[in-house]
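Trainee: Sequence first, predicted coordinates after that:
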Amino acid sequence: MPLLGAVDLGGTHTRYGLFTQDEQGGLRLERAATGKTSLVKDIASLREQWEASVGMAAKELSSLVVGVAGPVLDPLHATTSNADVRLDLTEWDEGGGQPCPCRLANDFVCEAYACLTEVGKQARPVFGPEPVPDGVQAVLGAGTGLGAAQLVPLRGSGPDKGRRAFAAEFGHAPFPFIGRDEADFSAFAARRFGRDWVTGDDVVSGRGLACLHAYLSGEELDPQGAARHLEHEGETLRWYARFMGRVCAQWALSTLCYGGLYLTGGMVKRHPELPSHPAFIKAFFCAPRLRVLERIPLRRYATELSGLWGAAWLAAAMLSPADRGREG
């Protein structure tokens, strides 16, 4: 069976996965490992970390997809948004061997395709009705940055099984603050980050949480230290849950994702109670007259490896019929 390589290159952590695909097209995760993105500078160091983490030479793969936290305009060249990494996949097979099909993809495109795998089936309901089978599915996640994408049903069939993922740079849009108190925080954050305005990336990411806690308490903590304040009731939790609920509502209104809004990213995965907080829920249902958000099923991924599963799904879609029948 074919051997599928999947890499999820985030701003802080890089995850590596080796998958196989059975005759029915189902994916199976064989091995997974996590490394530090700070150790990845280019494709050579990525390949070295892959081989050290997974214990397999890159040339043995049938296909490979690397999910990248940043815009991907060229499937072979990209630069990450929140880490200084420049990738050139034309050098992946350097050192010999038959080149395997490989490509770069936006990391949240991979998160969107994860909806079509076991990850989507095992997603935990938070609130809302059952997903509409032919509805748009959307994903959103905060961690080192804020990412988003949508999975749109298409007519006909093809390698994407009637659905196509579309990337977004939603996290780089100005954040919608409301009221005097939030305007004061916006000015505080803008000064802190040296910008004229504040984006979603600046607000609900780990560094945004640290900034928020400093504003509310005067206490300077790193993102990990600030995240401990999401574990008990307090101003930091209430403000952060409100901001997360609002940004989720913005993306749901933008995508009309009646097939489900799936939450991912380190902030929700490490603090799964966030979407159930009253401040999140109140902020999410911000357009009662439309009766639209009430029809959005909110789900959360239950694994930190969702990006790997989506990358593996794309890697499987790249295989030719001959490759699918080839022994790995």
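Mentor: Okay, I see it. Numbers count the residues shown, from 1 in each chain.
Trainee: show me where pLDDT drops low in the stretch 101-250 of the chain?
Mentor: Applying pLDDT under 70 to the predicted model, the residue ranges of the stretch 101-250 of the chain that meet it are 156-161.
Trainee: ok, which stretches of the stretch 151-300 of the chain are helices?
Mentor: Here the stretch 151-300 of the chain has its helices, by DSSP state H, counting those that start in this stretch, at 179-193, 200-203, 206-217, 223-227, 235-255, 266-270, 278-284.
Trainee: Redo those helices as a markdown table? Include distance to Gly10 and mean neighbour count.
Mentor: (Glycine included, C-beta is placed from N, CA and C.) Putting the helices of the stretch 151-300 of the chain into a markdown table (distance: least, Cβ to Cβ, whole Å; neighbours: other Cβ atoms under 10 Å) gives the following:
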| stretch | distance to Gly10 | mean neighbour count |
| --- | --- | --- |
| helix 179-193 | 20 | 14 |
| helix 200-203 | 13 | 26 |
| helix 206-217 | 11 | 21 |
| helix 223-227 | 14 | 17 |
| helix 235-255 | 18 | 22 |
| helix 266-270 | 8 | 20 |
| helix 278-284 | 23 | 19 |
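Trainee: Reformat those as TSV; add distance to Gly147.
Mentor: What follows is those, written out as TSV (distance: least, Cβ to Cβ, whole Å):
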stretch	distance to Gly147
helix 179-193	19
helix 200-203	9
helix 206-217	13
helix 223-227	16
helix 235-255	10
helix 266-270	11
helix 278-284	18
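Trainee: Mind splitting this structure into its structural domains?
Mentor: As assigned by automatic domain parsing, the chain contains the domains 3-113+306-324, 126-302.
Trainee: Make a markdown table out of the ones you listed and add distance to Val119.
Mentor: Below are those laid out as a markdown table (distance: least, Cβ to Cβ, whole Å):
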| stretch | distance to Val119 |
| --- | --- |
| domain 3-113+306-324 | 5 |
| domain 126-302 | 6 |
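Trainee: Report the central residue of the chain.
Mentor: Nearest to the geometric centre of the chain sits Phe108, at 4.2 Å (Cα atoms, centre = their mean).
Trainee: Tell me where the chain has strands.
Mentor: Taking DSSP state E, the strands of the chain run over residues 3-9, 13-21, 27-36, 63-68, 77-79, 86-88, 102-106, 124-127, 137-142, 146-153, 163-167, 260-264, 298-300.
Trainee: Deepest-packed of those strands, please.
Mentor: With neighbours taken as mean count of other Cβ atoms under 10 Å, the strands of the chain reach their highest mean count in strand 137-142, at a mean of 30.
Trainee: partners of it in the sheet?
Mentor: When sheet partners are counted by DSSP bridges, strand 137-142 sits next to strand 146-153 (antiparallel), strand 260-264 (parallel).
Trainee: sorry, back to before: redo the strands of the chain as a markdown table? Include distance to Gly225.
Mentor: Compiled in a markdown table, those are given as follows (distance: least, Cβ to Cβ, whole Å):
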| stretch | distance to Gly225 |
| --- | --- |
| strand 3-9 | 25 |
| strand 13-21 | 18 |
| strand 27-36 | 19 |
| strand 63-68 | 28 |
| strand 77-79 | 29 |
| strand 86-88 | 31 |
| strand 102-106 | 30 |
| strand 124-127 | 27 |
| strand 137-142 | 17 |
| strand 146-153 | 20 |
| strand 163-167 | 32 |
| strand 260-264 | 23 |
| strand 298-300 | 24 |
